[in-house]
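Student: Need the 3D shape of this:
(2 chains)
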Amino acid sequence: MSNQDVNIKIIDREGVIHEVLAPTDMNMNMMEVVRSYEIAPEGTIGVCGGMAMCASCQCYIESDHELPEKSEDEEAMLAEAFYVEDNSRLGCQIRITPELEGLKITLAPES
Amino acid sequence: MIETDILIIGAGPTGLFTVFEAGLLKLRCHLIDALPQPGGQCSEIYPKKPIYDIPAYPEILAGDLTKNLMEQIKQFEPGFTLGERADTIEKQEDGTFIVTTNKGTKHHAPVVAIAGGLGSFEPRKPPISNIKDFEDKGVEYIIKEPELYRDKDVVIAGGGDSALDWSIFLTDVAKSVTLIHRRNEFRGALDSVEKVQELKNLGKIRLITPAEVKGILGEDHVTGVAVEQKGKEPFIVDTNHFIPLFGLAPKLGPIANWGLDIEKNAIKVNNALDYQSNIPGIYAIGDVNTYPGKLKLILCGFHEATLMCQSAYKRIYPDKKYVMKYTTVGGVEGFDGTKKEAPKAVVKAIE
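Tutor: Just a heads-up that it's a prediction; the model follows:
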């Protein structure tokens, strides 16, 4: 493990828990981490490529990490998306940073 | 019946550039797209966003990329069937194909190039268990004929521009208009938001927020919707129509049933050769295909389109000899009679 990696727990759409290492030095976001570990099938996540325009990477934040505020774009997309809860975020808008060490998320259902 | 050499399914950047490469080989193209305008995602999803990895363009807006491609291909006179989705494909005895759209338009071509990107854009359907039972029986995801709602009770759900605009429009047509949104705030053009507020104050729009439609009631037709509003007991709103307006999302759609090898929601192709699918004569290029190492980039789609056209030419004219010619050398001869070519250098001898 490189010291630039953080540990993240991802619960997939079938309920399986994945404990993964995510690099903080590659300008990656949570949606890309999920794709890089193939935790959700291609074509069902990150459909718009990460522009906060499809909500296919919606996830629920299960740990009490303080995440950066939602942007206007993310707010707008979550206002239109389905299965939205108070702890919903778009994975593509969560940048992987050292502060995310120990983060736990659940992927929202495909819609 | 529309006849062409290469029938392209999808009018995004890859599909549009195919017209150019095919035109250099004197092959004519026709494009089908479910969206009403060419450009695919570039015009539908992110026309105002910049792209930085188109070679030789340090920065270009997706909308401008579409505009430039249309300009680049115009002399090859592509045909368009827009606002229709390619639904079925039938292989003919002579190896050619007939593709029929959801509106019944038929296209005949020896080569089909699927450049369908992520698929066709379909309305996003809210996850209500019995919603499918009421489609076209009071549930409409797209408003096609506003007169359908004359003197009817209508419930619209959604918080974007189309939900706002249709709510405003239908107040003049329907008996009643109810707008339901999960949030208190709406995200639309300021004018529309203010107009909805005004109509609400006049009692012409009933606004229910923050709330969601959770169920649909009725036997053969919608008679009401079950609404859950924050902090209240669930209640029923009587209505003749329920119109969920949650934007569009791409789905691979009918192409998935064409007998093509599908992997990762994409069409498997032979990338060592010509991007042909498992069905000879059907190619897949751009974001819609997959192969080892595939990258969904516009620039990769351009490359795939170029190789595909060479293969299509050999398929259509198996006995004709041809080698690729540089446009700098051969110029560009359009089907419209125009010719672009490098200006001849003026040479004058010193006497």
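Student: So B:Thr88 lies in a helix, does it not?
Tutor: No. Counting by DSSP: H, G, I helix; E, B strand; the rest coil, B:Thr88 is not part of a helix but strand.
Student: Leaving out chain neighbours, which residue sits closest to it?
Tutor: Nearest residue to B:Thr88, sequence neighbours excluded (Cβ to Cβ, 6 or more residues apart in numbering or on different chains): B:Thr100, at 4.9 Å. Placement of C-beta: from N, CA and C, glycine included.
Student: could you point out which element follows the strand or helix carrying that neighbour?
Tutor: B:Thr100 belongs to strand B:97-101 when assigned by DSSP states H and E. Counting by DSSP H and E, the element after strand B:97-101 in chain order, helix or strand, is strand B:106-109.
Student: mind checking pLDDT for A:Asn3?
Tutor: With respect to pLDDT, A:Asn3 scores 67.
Student: repeat for B:Gly188
Tutor: 78.
Student: helices or strands up against the strand holding B:Thr100?
Tutor: Judged by 3 or more Cβ pairs under 8 Å, 6 or more residues apart in numbering or on different chains; DSSP states H and E, strand B:97-101 is in contact with strand B:6-9, strand B:86-91, strand B:106-109, strand B:111-114.
Student: Give me the mean pLDDT for that strand.
Tutor: Per-region confidence: strand B:97-101 scores 98 on mean pLDDT.
Student: now swap in stretch B:192-199 and tell me
Tutor: Stretch B:192-199 comes out at a mean pLDDT of 93.
Student: Look up which residues are beta-bridged to B:Leu217.
Tutor: B:Gly224 (DSSP bridges).
Student: wait, what's in contact with residue 98?
Tutor: Looking at chain A here, since you left the chain open. Contact partners of A:Pro98, counting by Cβ atoms under 8 Å, 6 or more residues apart in numbering or on different chains, are A:6, A:24.
Student: oops, chain B please
Tutor: If you count contacts by Cβ under 8 Å, 6+ apart, B:Ile98 has them with B:1, B:89-90, B:92, B:106-108.
Student: Mind picking the one among those residues that's closest to B:Asp136?
Tutor: B:Lys106 (24.4 Å; Cβ to Cβ).
Student: Give me the neighbour count for that closest one.
Tutor: Neighbour count of B:Lys106, defined by other Cβ atoms under 10 Å in any protein chain shown: 14.
Student: Need the pLDDT of it.
Tutor: 98.
Student: do B:Ile168 as well
Tutor: 96.
Student: Can you report phi and psi for it?
Tutor: B:Ile168 adopts backbone torsions of phi -60, psi -50, taken as degrees, to the nearest 10.
Student: right, and it touches B:Ser192 too?
Tutor: Yes. Taking contacts as Cβ atoms under 8 Å, B:Ile168 lies within contact range of B:Ser192: 6.6 Å.
Student: check contacts around the residue in chain B that chain A sits nearest to.
Tutor: Closest contact between chain B and chain A, by Cβ to the nearest Cβ, is at B:Asn265 (2.6 Å). Contacts for B:Asn265 (Cβ under 8 Å, 6+ apart) come out as A:41-44, B:252.
Student: and which of those is nearest B:Lys48?
Tutor: A:Gly43 (25.4 Å).
Student: Could you find the closest non-adjacent residue to the closest one?
Tutor: Per Cβ to Cβ, 6+ apart, closest to A:Gly43 is B:Asn265, 2.6 Å.
Student: Run a quick neighbour tally on B:Ile45.
Tutor: B:Ile45 - counted by other Cβ under 10 Å - has 21 other residues nearby.
Student: what's the nearest residue to it if we skip its chain neighbours?
Tutor: Nearest residue to B:Ile45, sequence neighbours excluded (Cβ to Cβ, 6+ apart): A:Met53, at 5.6 Å.
Student: For that neighbour, give me phi and psi.
Tutor: phi -120, psi 10.
Student: For B:Gln310, see how far away it is.
Tutor: Distance, A:Met53 to B:Gln310, by Cβ to Cβ, to the nearest Å: 35 Å.
Student: ranking the helices and strands packed on strand B:97-101 by burial, who's on top?
Tutor: strand B:6-9 (a mean of 30; mean count of other Cβ atoms under 10 Å in any protein chain shown).
Student: Can you spell out which helices and strands pack onto it?
Tutor: Against strand B:6-9 (3+ Cβ pairs under 8 Å, 6+ apart) you get helix B:13-24, strand B:29-33, strand B:97-101, strand B:106-109, strand B:111-114.
Student: For the residue of chain A found nearest chain B, grab the count of nearby residues.
Tutor: Nearest to chain B in chain A, going by Cβ to the nearest Cβ, is A:Gly43, at a distance of 2.6 Å. By the measure other Cβ under 10 Å, the count of residues near A:Gly43 is 21.
Student: Just the strands from chain A, written as ranges.
Tutor: A:5-11, A:17-23, A:58-61, A:88-90, A:103-107 (DSSP state E).
Student: For B:His303, which of those is the nearest?
Tutor: Across the strands of chain A, closest to B:His303 is strand A:17-23 (Cβ to Cβ), at 29.2 Å.
Student: Sheet-wise, list the partners of the closest one with their directions.
Tutor: Checking strand A:17-23 against DSSP bridges gives partners strand A:5-11 (antiparallel).
Student: and the partner strand, which residues are buried?
Tutor: Using 16 or more other Cβ atoms under 10 Å in any protein chain shown as the test for burial, strand A:5-11 gives A:5-6, A:8, A:10-11.
Student: Same check on stretch B:147-166?
Tutor: Buried residues in stretch B:147-166, defined by neighbour count with 16+ other Cβ under 10 Å: B:149, B:152-166.
Student: try stretch B:179-195
Tutor: Buried residues in stretch B:179-195, counted by 16+ other Cβ under 10 Å: B:179-182, B:186-188, B:192, B:195.
Student: which of those residues are close to chain A?
Tutor: B:181-182, B:187 (Cβ under 8 Å from any Cβ of the partner chain).
Student: Which single one of these is nearest to B:Glu333?
Tutor: For these, the residue nearest B:Glu333 by Cβ to Cβ is B:Arg187; the value is 49.1 Å.
Student: Farthest pair within the buried residues of stretch B:179-195?
Tutor: Farthest-apart pair in those is B:Arg182 and B:Lys195; separation 20.6 Å (Cβ to Cβ).
Student: Please determine how far the closest residue to B:Gly95 other than its chain neighbours is located from B:Glu219.
Tutor: Distances taken as Cβ to Cβ, 6+ apart place B:Gly281 nearest to B:Gly95, at 6.1 Å, with adjacent residues excluded. Plainly put, B:Gly281 is 48 Å away from B:Glu219 if you go by Cβ to Cβ.
Student: out of the two, which sits in the busier spot?
Tutor: Shown here are B:Gly281 and B:Glu219; by other Cβ under 10 Å, B:Gly281 has more neighbours (19 against 7).
Student: check contacts around that one.
Tutor: Counting by Cβ under 8 Å, 6+ apart, B:Gly281 makes contact with B:91, B:95-97, B:110-112, B:315.
Student: Output those residues in CSV, with distance to B:Glu44 appended to each entry.
Tutor: Formatted as CSV, these follow (distance: Cβ to Cβ, whole Å):
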residue, distance to B:Glu44
B:Lys91, 31
B:Gly95, 34
B:Thr96, 31
B:Phe97, 26
B:Pro110, 30
B:Val111, 26
B:Val112, 22
B:Arg315, 31
